[in-house]
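Trainee: mind folding the following:
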Amino acid sequence: FAASCGATGQAGFLRQFADAGEGGGNALAVTADGGVVGGETAGKGVVRKLDTAGADVWSLETAALGSSGGVRALAVNGADIVVVGATTTDALGVGGTALTEGGGGGDAFALKLTDGATPTTAWTKTFGGARLDVANAVAIEGGDVYLASTQQRLKDDGRTVTTRAVVDKIALGDGSSVWSKTVGEEGAQAVGLTLDANGASDLDAFGLPNGPMLVEDGAPLVRRTALRVGDSFTLKINGGSSRRISIEADDTLATLAKKINAPLRTAGKAEVK
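Mentor: Residues are numbered from 1 along each chain as shown. The predicted structure is shown next:
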């Protein structure tokens with residue numbers, strides 16, 4: 001099934017899908033004109049496009065994916081839809097350019113569709129090692145697709161099965177491989193993936209946040225210095241009466257300068273440099 005709700009939690013549509021056998025939904029992405037749902041029906045992978053009322057726009061089914069196969073995740077970027085999962089069969093049965101790199105008990109797969117009145121398949125790709133491999137997460141950034149997969153493999157003893165987590169980068173245009181990287185320790189499994197559009201920096205070592213570094217100083221003094229609310233000092237200008245300057249919770253260097261300039265008048269000027 002697929003269900004929707006409004007921003008304050010009010011119920012929207014509820015769609016249940018009639019299946020000839022076991023069925024389920026594992027993936028969902030929202031689009032400007034509705035949403036895309038991915039899952040299985042009677043052993044086949046299925047991708048459905050729904051409008052904002054939950055009605056069918058189109059539906060696409062793969063060939064049987066086998067007992068360990070299925071759709072696990074999908075990502076949408078404009079008219080591009082990339083669906084990933086696992087299959088134990090030789091072909092996904094949806095057309096498009098086939099790119100085969102895997103082999104063994106089961107392979108991870110990626111399927112690129114182009115949205116429209118009916119979907120068109122641009123390419124299908126299988127990848128992995130000699131045992132069961134499953135792509136569990138996918139993200140699209142610019143002209144690239146990033147996949148997170150769990151791959152089964154044998155330990156050095158040749159008998160014990162273990163897993164490893166793998167991240168692949170492939171080209172959105174044709175599905176060709178850009179790079180593949182194993183992450184984590186032996187036995188790790190990759191189940192999720194997110195992208196950081198700002199990327200990494202050497203400044204990360206200092207714990208600095210991403211984003212522009214502001215020139216103006218807006219940090220409260222009680223956060224950036226040893227000053228505390230209620231701390232104070234006095235000014236006495238040219239033998240006149242004393243003026244107490246107290247620190248408040250939201251005082252910054254700029255507001256402190258203004259407090260000092262009030263009694264100074266023409267006798268001087270406090271500035272933030």
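Trainee: outside of stretch 139-147 itself, list whatever touches it.
Mentor: Residues outside stretch 139-147 that contact it (Cβ atoms under 8 Å, 6 or more residues apart in numbering) are 75-77, 80, 82, 84, 108, 110, 112, 135, 137-138, 167-173, 175, 178, 193-195, 197. From N, CA and C alone the C-beta is placed, and that goes for glycine too.
Trainee: can you give me the buried ones in that stretch?
Mentor: 139, 140, 145, 146, 147 (16 or more other Cβ atoms under 10 Å).
Trainee: list just the nearest of those residues to residue 261.
Mentor: Residue 261 lies nearest to residue 139 out of the buried residues of stretch 139-147, by Cβ to Cβ, at 52.1 Å.
Trainee: show me what that closest one is bridged to.
Mentor: Note on residue 139: beta-bridge partners by DSSP bridges are residue 146.
Trainee: just the pLDDT at it, thanks.
Mentor: Listed pLDDT for residue 139 reads 96.
Trainee: what of residue 239?
Mentor: Checking the pLDDT column for residue 239, the value is 87.
Trainee: and for residue 3?
Mentor: pLDDT at residue 3 comes out at 93.
Trainee: list the contacts of it.
Mentor: Counted by Cβ under 8 Å, 6+ apart, residue 3 has contacts 11, 12, 13, 14, 15.
Trainee: run a quick neighbour tally on the last one.
Mentor: A count of nearby residues for residue 15, using other Cβ atoms under 10 Å, gives 16.
Trainee: isn't it right next to residue 25, touching?
Mentor: No - using Cβ atoms under 8 Å, residue 15 is not in contact with residue 25; the gap is 9.8 Å.
Trainee: which residues do these two both contact?
Mentor: Common neighbours of residue 15 and residue 25, counting by Cβ under 8 Å, 6+ apart, are 1, 2.
Trainee: in the least confident helix or strand in the chain by mean pLDDT, what's buried?
Mentor: Lowest mean confidence among the helices and strands of the chain (mean pLDDT, DSSP states H and E): strand 97-100, at a mean of 86. By 16+ other Cβ under 10 Å, the buried positions in strand 97-100 come out as residue 99.
Trainee: I'd say residue 67 and residue 88 touch.
Mentor: Yes - counting by Cβ under 8 Å, residue 67 touches residue 88, with 7.1 Å between them.
Trainee: pull up the overlap in contacts between the two.
Mentor: Joint contacts of residue 67 and residue 88 (Cβ under 8 Å, 6+ apart) do not exist.
Trainee: between the two, which is the more surrounded one?
Mentor: Counting neighbours by other Cβ under 10 Å for residue 67 and for residue 88 shows that residue 88 has the greater number, 15 against 9.
Trainee: ok now do the more buried one, which residues does it touch?
Mentor: Counting by Cβ under 8 Å, 6+ apart, residue 88 has contacts 65, 66, 67, 68, 69, 105, 106, 107, 132.
Trainee: quick check: closest non-adjacent residue to it.
Mentor: Nearest residue to residue 88, sequence neighbours excluded (Cβ to Cβ, 6 or more residues apart in numbering): residue 66, at 3.0 Å.
Trainee: wasn't the one you found part of a strand?
Mentor: No - assessed with DSSP: H, G, I helix; E, B strand; the rest coil, residue 66 is coil; it does not lie in a strand.
Trainee: what's around it, how many residues?
Mentor: Residues contacting residue 66 under the criterion other Cβ under 10 Å number 15.
Trainee: how about residue 258?
Mentor: Other residues within reach of residue 258, judged by other Cβ under 10 Å, total 11.
Trainee: now it: which helix or strand?
Mentor: Using DSSP states H and E, the element containing residue 258 is helix 253-264.
Trainee: ok, and what's touching stretch 96-103?
Mentor: With contact meaning Cβ under 8 Å, 6+ apart, stretch 96-103 is reached by 91, 108, 111-112, 120-130, 133, 174-177.
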